[in-house]
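> Give me coordinates for this.
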Amino acid sequence: MHVTLRTAVAQPPAKVMAGFTRALFVALAPPFPKLRVLRFDGCATGDQVEIELNTLVKRLKWTSLIVDHGQLPDGTHFFIDEGQVMPPPLRYWRHRHLIEPGPHGGSVIVDALEYRTASPLLDAVLYPAMWAQFAWRKPIYRRWFS
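Okay, the predicted model is just below:
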């Protein structure tokens, strides 16, 4: 299943890319499930991010690996994380972070994610929650990069 959200921000792509720090990662966390960062290496190829999600019933580990990063000829900066250890029911996770040049010297942050569970039906059932988790980021991005 694919989810894509776009957020226009005031800062240029290089500055936005440099702003993808541990502090931003923590600020982007939705109120539920509660997130605790165990490791945040950064956003370069080979870096790892490990978190623990507290669902109130159980604590779940999630580890992602940054599999690629760089800059495209059009000025778009990007990094891609893929899930290595994911909470159930996820079986596949790939999140492309694109920071495209926007109008008037700003940027457009694109969260393009792909996820799968064991069932296409469950993928569809999870879609609203996945969309909401990333829609939560939009006002945070705007404030952070104003």
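
> and the helix ranked longest in the chain, which residues are buried?
Using DSSP state H to assign secondary structure, the helix with the most residues in the chain is helix 120-135. Residues of helix 120-135 classed as buried by neighbour count (16 or more other Cβ atoms under 10 Å): 123, 126, 130, 133-134. No exception for glycine: its C-beta is placed from N, CA and C like everyone else's.

> Closest to Ile109 out of these?
Ranked by distance to Ile109 (Cβ to Cβ), the buried residues of helix 120-135 are led by Phe134 at 10.4 Å.

> rewinding a little: relative to Pro31, which of the buried residues of helix 120-135 is nearest.
When the buried residues of helix 120-135 are compared for distance to Pro31 (Cβ to Cβ), Gln133 wins out at 10.5 Å.

> Distance check, the closest one against Leu5.
Taking Cβ to Cβ, to the nearest Å as the measure, Gln133 and Leu5 are separated by 10 Å.

> Would you mind giving the buried residues of helix 120-135 as JSON lines with distance to Ile99 and pLDDT added?
JSON lines is the format used below for the buried residues of helix 120-135 (distance: Cβ to Cβ, whole Å; pLDDT from 0 to 100):
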{"residue": "Asp123", "distance to Ile99": "27", "pLDDT": "98"}
{"residue": "Leu126", "distance to Ile99": "26", "pLDDT": "97"}
{"residue": "Met130", "distance to Ile99": "21", "pLDDT": "96"}
{"residue": "Gln133", "distance to Ile99": "19", "pLDDT": "93"}
{"residue": "Phe134", "distance to Ile99": "15", "pLDDT": "95"}
